[in-house]
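Engineer: here is my input; please provide its structure:
(chains A and B)
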Amino acid sequence: MLEGARVLLLLLALLPGAVAVPAVARAAPAPGTAAPEIAKQLTDVASKDPAVQEAAAMALGKTGNRKILPLLEALREGSVYVHVSRGIRGTVIVGDKVTDGERTLVPLFSAYGREPVTGADGKPLLVELSALEEVSAGRSLRLALRPLIDAFSGQSQLANPDPGVRRAAATKMGNAGDAAATPALAEALGRETDRWARHAMEEALALIGLRSSDDAARAGGAARLGSLRSVNALDRLRDIAADSSTAASVRQAAGEAVKRIERWSLVTTTLELAFQGLSLSSILLLMALGLAIVFGLMGVINMAHGELMALGAYATFVMQGWFQAHLPGSFDYYFLAALPFSFAVAAAAGLVLERGVIRHLYGRPLETLLLTWGVSLIIQQGLRLWFGAANVDVTAPRWLSGGIPVMVGVQLPYNRLFIIGLAAVCVAGMYLLLFRTAAGLRIRAVTQNRGMAACLGVPARRVDAFTFALGAGLAGLAGCALTQIGNVGPELGQNYIVDSFMVVVTGGVGKLLGSILAAVGIGGLNKIIEPSLGAVYGKVLILVAVILFIQRRPSGLFAVKGRHADA
Amino acid sequence: MQAYSRRDFLKTTAVLGAGAAAGLGFPAILAAQGGGPVKVGVLHSLSGTMAISEVSLRDVVLMAIEEINGKGGVLGRKIEPVVVDPASNWDLFAEKAKHLLLQEKVAVTFGCWTSVSRKSVLPVFENNNGLLFYPVQYEGEECSRNVFYTGATPNQQLIPAAEYLMSREGGGYKKFYLLGTDYVFPRTANKILRAFLLAKGIPADSIAEEYTPFNHQDYQTIVGKIKRFASGGNAAVLSTINGDSNVPFYKEFANQGLRSENAPIMAFSVAEDELRGMDTSALVGHLAAWNYYQSVDTPQNRKFVQAFKTYAKKKNLPGGDKRVTDDPMEAAYFGVHIWKQAAEKAKSFEVDAVRKAVYGQEFLAPGGKIKMDEANHHTYKPVLIGEILKDGQFKVVSRSKGLVKAEPWSQYTSPDKGCDWVKQKGTYQKKA
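Structural biologist: Residues are numbered from 1 along each chain as shown, chains lettered A, B, ... in the order given. Model (predicted):
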């Protein structure tokens, strides 16, 4: 169905050109050949006289023939040349340059329709650039071309298969407010199926109506914008409502629309704020979850927690490279494979760390702190040596790019939704593991009273190793998720370690529920403060709040009774 | 490691060469000039946060030196680079600069990236009469006798970019969101931009200004604000966000449904070298303002880009022939050549003589001809607005007519000040 619509559209677009030159159109011209009238202008565009050049460009633009668009764009970019072949001067567009030793070769394209020009052998013609005459487009011509190209590209964008592009094109037309765009918009609206693209088109039409000279149309446009809850129109409506030279009916309609939109934007702002707080909380929680186990349950101050996240992030990068090399067809799913992989890599690193060194230092927090800090430096430098000091590029899979528009003016990014979901799954998983399985029972037994648990036959050392690996694996998982939000570089861990500790300490060492509440509290508070105070002071204020809180409640939200109380 | 081995190698070859030349009784000039290699300092962070950007500058400076040495050096003497690592530590910059000037007795130093590091070495160079070539665009408001600035001043980058966005061709934007990382360059840049916009009749409530800490990752709130600010469709973002905060910013921008068609971001700190480690899909279509791009199509630039890729591969630098060139690298590269030309004109390596000879020097740089100012230490450069492409390169969409003269003191914030080392003694008060 979509295909049919596109063909119809193409025919419609070609119609003006076909009407202008019926004889040629009937003769089914070869690709790249133009009607005589157009052909003359194609030659004139290459004229040395700026006036002739501009007039020809304008006339070409007015035809509305879509095959002219590449030429206009090429003129602006400066890739139009004159090619002299057997004494005949032809205007051509040149493609990307190819260097062949000292010579620079370019493929040629026809000025009409940008079809590749082929040589006698049927292969695309490559010509030496120095043999061509450059057509220079002066500033005034380039200025004049811009609206022509915009009109063309706006119209073709309205038919783009991507609804996001259609939306943006409609919004842009509405903001420009040019009445000439009305038929194209109305026609596009007629066949539009995407809800948000429809909304943008209706909004654009109403915005154009708002600019009309007819008071009834203006009042209608204002009322329509109000019912569309168009935030885009707010500034303009306010101006109209305050402008005493406008008709009273229009001003009244505008005033009502402003009130409606303002009420609505209060709702959307609140909703956005809530989402932002939730998203930041989920990120904090995901980062802190592993630490809540390692530090909270086991009492190990693990300064290398951030680097375990970095390992997870680099594991994602490696998985992406592997998919690129071996499964380019299903590249978009590399992230799903990267999730367990990063968990496994970080858990393995955690296991080695625990078995190798940390187990010798249980109960000696200061030494553990120094040791894990040293380990963090080693991992950092290792990553730098292996992957280079520069950041690496982790591409977001398509299904995590963009966002879902939930209501007018609110779009929730997929990557953030995904992380909220992942954090929820991790928390639920942790809960089930700790409180609903035998392994969880052992972990809790060992953390609460190691000596008694060992006496009763729990293999305490093995449980330690397992618990530490679990915490490390969760850090790796967090690192994997964070590739979708931030950067992947050797210093990644340093950026997150402070926040992780802040959450765990505020929540109360040893309590998962405390960490969850602390993450939600810190994230939410941050987002409430940030809009009014800015990011810099927001961060300062959060730290001050946390310090004051710890002053009043040194053991966090939930005090623990047990061996950590005196550790 | 590498630097030492190269230095040793150069020393040996230079000594051998000089010995051979002296043995042959060949050019008397060599003996007269001391004959041995002339030392120059390279003061760029090779570790720490700034290493990402500064390592490339060291590479390109060493390449320029190798080129010059390959053609016989300067005044018949080879150049011996002394590479030190100030490790992104501002105090260490001053110490290393002192070391270069007093112990190594270098004739000139090429170095620094951040304004903080430049400010930290400034007294060292001024007290010891050293010579520093500084290759990065900066906030201006400085006029040192001992520094040559081969990067852009605000009027060669910030102002033309804002002018472009306000012009009909640039989209005729009327509201501006000034967003930056919280340190000296963005603060000063935004002060100048604000003064410029107000002077052009943009009302104060159409200008928003906001800063984020270094390494800021969570741009939800700011993008939300920009979205409301830009809802009328006539707003642009002028971004001085530095380093890797750019990735989360552009990602969030795209994910919340903002697009370059309706709210373009004009960046002043994003160049090809930074784009190497980024997922560029969210950046495509946004703009940047610089004085050079790797995509500039001139014969000397093609040669420069090719030479750098070959050099990176030959020296086994990370990235190899996938390395790119960008604006600060070009400025660092032609800085070395300007110094060479000036020394040759002065027939001396003596700082004051070279300094005077730099005034008015011209050089056919990769991005086109540039010229050093006749009276102060800045550079005439072309200004190019570029659009970010999928492959991390830029398409030039607007280009200044000819070269733009540098204004170390912006006419919008300090209209009464000028910088002149020929008729005046540095910064002077203009007569009203």
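
Engineer: contacts, neighbours, all on C-alpha from now
Structural biologist: Noted.

Engineer: so for A:Ala559, what's the pLDDT?
Structural biologist: Listed pLDDT for A:Ala559 reads 66.

Engineer: actually, A:Pro31.
Structural biologist: Per-residue pLDDT puts A:Pro31 at 44.

Engineer: would you mind listing what in the stretch 251-400 of chain A touches chain B?
Structural biologist: A:Leu273, A:Gln276, A:Leu280, A:Gly388, A:Ala389, A:Ala390, A:Asn391, A:Val392, A:Asp393, A:Val394, A:Thr395, A:Ala396 (C-alpha under 8 Å from any C-alpha of the partner chain).

Engineer: swap in 7 Å and give it another go.
Structural biologist: A:Gln276, A:Gly388, A:Ala389, A:Ala390, A:Asn391, A:Val392, A:Asp393, A:Val394, A:Thr395 (C-alpha under 7 Å from any C-alpha of the partner chain).

Engineer: what helix or strand is the nearest residue to the second one once chain neighbours are set aside on?
Structural biologist: Nearest in space to A:Gly388, with sequence neighbours left out and distances taken as C-alpha to C-alpha, 6 or more residues apart in numbering or on different chains, is B:Pro318 at 6.9 Å. Take DSSP states H and E as the rule and B:Pro318 turns out to sit in neither a helix nor a strand.

Engineer: backbone dihedrals for B:Pro318, both of them.
Structural biologist: phi -60, psi 140 (degrees, to the nearest 10).

Engineer: ok, back up a step: mind picking the two most distant members of the residues of the stretch 251-400 of chain A next to chain B?
Structural biologist: A:Gln276 and A:Gly388 (33.4 Å; C-alpha to C-alpha).

Engineer: these two: who's more crowded?
Structural biologist: A:Gln276 (24 against 16; other C-alpha atoms under 10 Å in any protein chain shown).

Engineer: show me what contacts the more buried one?
Structural biologist: Contact analysis of A:Gln276 by C-alpha atoms under 7 Å, 6 or more residues apart in numbering or on different chains lists A:Lys527, B:Gln220.

Engineer: likewise A:Val375?
Structural biologist: Counting by C-alpha under 7 Å, 6+ apart, the residues that A:Val375 touches are A:Ala304.

Engineer: any idea how far the helix or strand in which it is found is from the chain center?
Structural biologist: Per DSSP H and E, A:Val375 falls inside helix A:365-387. What separates the centre of helix A:365-387 from the centre of its chain is 33 Å, taken as C-alpha atoms, centre = their mean, to the nearest Å.

Engineer: just after it, pick out the following helix or strand.
Structural biologist: strand A:403-407.

Engineer: so which elements touch that following strand?
Structural biologist: Judged by 3 or more C-alpha pairs under 7 Å, 6 or more residues apart in numbering or on different chains; DSSP states H and E, strand A:403-407 is in contact with strand A:410-413.

Engineer: tell me the angle the helix or strand following the strand it packs on makes with strand A:403-407.
Structural biologist: As assigned by DSSP H and E, the chain's next helix or strand after strand A:410-413 is helix A:414-436. Taking axes from the mean of the first three to the mean of the last three C-alpha atoms, to 10 degrees, helix A:414-436 and strand A:403-407 form an angle of 90 degrees between their directions.

Engineer: do helix A:414-436 and chain B meet?
Structural biologist: No - contact of helix A:414-436 with chain B (C-alpha under 7 Å from any C-alpha) is absent, the minimum separation being 7.6 Å.
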